[in-house]
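**Student:** My questions are about this predicted structure, shown below with the sequence.
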Amino acid sequence: MQDEAAARDEAAARDGAAARDGAMARDDAEEASAFSHPPVDPDVTVAYGDHPDQVIDFYAPREPDPAVLAPLVVVLHGGAWRAPYDRRHITPFADFLARRGFAVANVEYRRGAAIPAQGGEGPVAGRWPDTFDDVAAALDALPALVREKLPSADPRRMVVTGHSAGGHLALWASARHLLPADAPWRTDRPAPLRGVVALAPIADFRVAEKLDVCGGAARQLLGGEGKFADRLPYADPAQLLPTGIATTLVQGRTDIVVPQAVAEAYADAAAKAGEVVGLTLLEDVGHFPLIDPAADACAVVAEEIAQLAW
């Protein structure tokens, strides 16, 4: 009996290892596809501050209707708020949206310093408070910048989207009116948005920490273990509900970078706060197809944006 139990345990361990290896191989292939597209230069780049990272790339709709201004999609890129990942990797996605008839604002912001985080696991994630300063400043500056530099866009029909860490920033940007009274980014009223479409977002920091998403990136963003709990009310979207703004999460069921449980935790928190948040779960889709113009999932994302924007 003991030999049979041991054999079953060994078989289960082999199956588990094979499943993990398969998931990692699939994730690698999806990432390679998403990053295989050459960067697409914007129509114009504008600054919203003095730092080199305080810029926004504008993409005009590729086939504009002269009789109708195009909705504006604000894109916040991911990359765990870490320095090696800038807005260039998401420019094919921005171009994809522009070819779908949207005007696009691809926002850059300050990320973590290009030095190893404590423990040596790679570059540190984010800068406190700089990352939040930049996203708030960019969103505040956008309406005037759009009117000046992107006349084919309608800033009154604005949807914010973001991928992974950028999905967190998109949710956070829509909830600034719920921040604590002493938060420098707090606004007096909800942002004038048609909605938010967050793509595999790091949407619940406590769950993300339990799952060690992106090597503890959320903890690093908030300044480390000693400051994590104190800064959660200022940064965690799951604690900033209900927003009163139409929100949809798009999540791949086979995502091993930001697992489905993180999005589900945010949707559950919203429900407990009395708000219905859309959660679109895509079968056989991981983390990167959501921003890969070659993937069917990217077309689903564009449709979710269109439902809120038009």
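**Tutor:** Received the coordinates, thanks. Quick caveat, the model's predicted, so the values are computed rather than measured. Numbers count the residues shown, from 1 in each chain.
**Student:** my guess is residue 264 contacts residue 279, does it?
**Tutor:** Yes: in terms of CB atoms under 8 Å, residue 264 counts as a neighbour of residue 279; the distance is 7.0 Å. Where C-beta positions appear, they are placed from N, C-alpha and C, glycine not excepted.
**Student:** for residue 161, what are its contacts?
**Tutor:** 73, 74, 75, 76, 167, 170, 196, 197, 198, 199, 301, 305 (CB atoms under 8 Å, 6 or more residues apart in numbering).
**Student:** And those residues, which is closest to residue 40?
**Tutor:** The closest of these to residue 40 turns out to be residue 75 (CB to CB; 12.1 Å).
**Student:** can you pull up the bridge partners for that closest one?
**Tutor:** Here residue 75 sits in beta bridges with residue 106, residue 161, going by DSSP bridges.
**Student:** you'd agree it is up against residue 108?
**Tutor:** No: using CB under 8 Å, residue 75 makes no contact with residue 108, being 10.3 Å away.
**Student:** Comparing the two, which shows the higher neighbour count?
**Tutor:** residue 75 (27 against 22; other CB atoms under 10 Å).
**Student:** what separates that one from residue 58, distance-wise?
**Tutor:** Distance from residue 75 to residue 58, counting by CB to CB, to the nearest Å: 11 Å.
**Student:** residues shared between the contacts of these two?
**Tutor:** 104, 105, 106.
**Student:** And the residues you listed, which is closest to residue 113?
**Tutor:** Of all the shared contacts of residue 75 and residue 58, residue 106 has the smallest distance to residue 113: 22.4 Å, by CB to CB.
**Student:** Common neighbours of residue 75 and residue 108, please.
**Tutor:** With CB under 8 Å, 6+ apart as the test, residue 75 and residue 108 both reach residue 87.
**Student:** residues near the closest residue to residue 103 other than its chain neighbours, how many?
**Tutor:** Once flanking residues are discounted, residue 103 sits nearest to residue 153: 3.3 Å by CB to CB, 6 or more residues apart in numbering. Residue neighbour count, defined by other CB under 10 Å, stands at 27 for residue 153.
**Student:** Kindly report the same for residue 52.
**Tutor:** Neighbourhood size, residue 52 [other CB under 10 Å]: 9.
**Student:** Would you double-check that it falls in a strand?
**Tutor:** No: read with DSSP: H, G, I helix; E, B strand; the rest coil, residue 52 is coil and lies in no strand.
**Student:** where do the helices sit along this protein?
**Tutor:** Per DSSP state H, the chain carries helices over the ranges 2-34, 91-99, 130-149, 165-173, 205-210, 217-221, 225-235, 260-272, 296-309.
**Student:** Go through those and name the closest to residue 192.
**Tutor:** Within the helices of the chain, the stretch nearest residue 192 is helix 130-149; the backing value is 7.9 Å (CB to CB).
**Student:** which residues touch that closest one?
**Tutor:** Here helix 130-149 makes contact (CB under 8 Å, 6+ apart) with 44, 46, 48-49, 51, 53-54, 56, 58, 72, 74, 76, 81, 103, 105, 107-111, 153, 155, 158, 160, 169, 172-173, 176, 184-185, 191-192, 221, 234-235.
**Student:** go on, stretch 43-53?
**Tutor:** With CB under 8 Å, 6+ apart as the criterion, stretch 43-53 contacts 54-60, 86, 108-111, 134, 137-138, 141-142, 145, 149-150.
**Student:** same deal with stretch 180-188?
**Tutor:** The contact list for stretch 180-188, computed with CB under 8 Å, 6+ apart, reads 129, 132, 133, 136, 176, 177, 179, 233, 234.
**Student:** Compare those residues and tell me which is most surrounded.
**Tutor:** For the contacts of stretch 180-188, the largest number of neighbours (other CB under 10 Å) sits with residue 132, at 25 neighbours.
**Student:** roughly how far apart are it and residue 51?
**Tutor:** Remark: distance between residue 132 and residue 51 (CB to CB) = 14 Å.
**Student:** what do you get for residue 294?
**Tutor:** Residue 294 is 33 Å from residue 51, by CB to CB.
**Student:** same thing with residue 180?
**Tutor:** From residue 180 to residue 51 the distance is 26 Å (CB to CB).
**Student:** more crowded one of the two?
**Tutor:** Taking neighbours as other CB under 10 Å, residue 180 and residue 51 compare with residue 51 leading, 14 against 10.
**Student:** and the more buried one, what pLDDT?
**Tutor:** If you check residue 51, the pLDDT there is 97.
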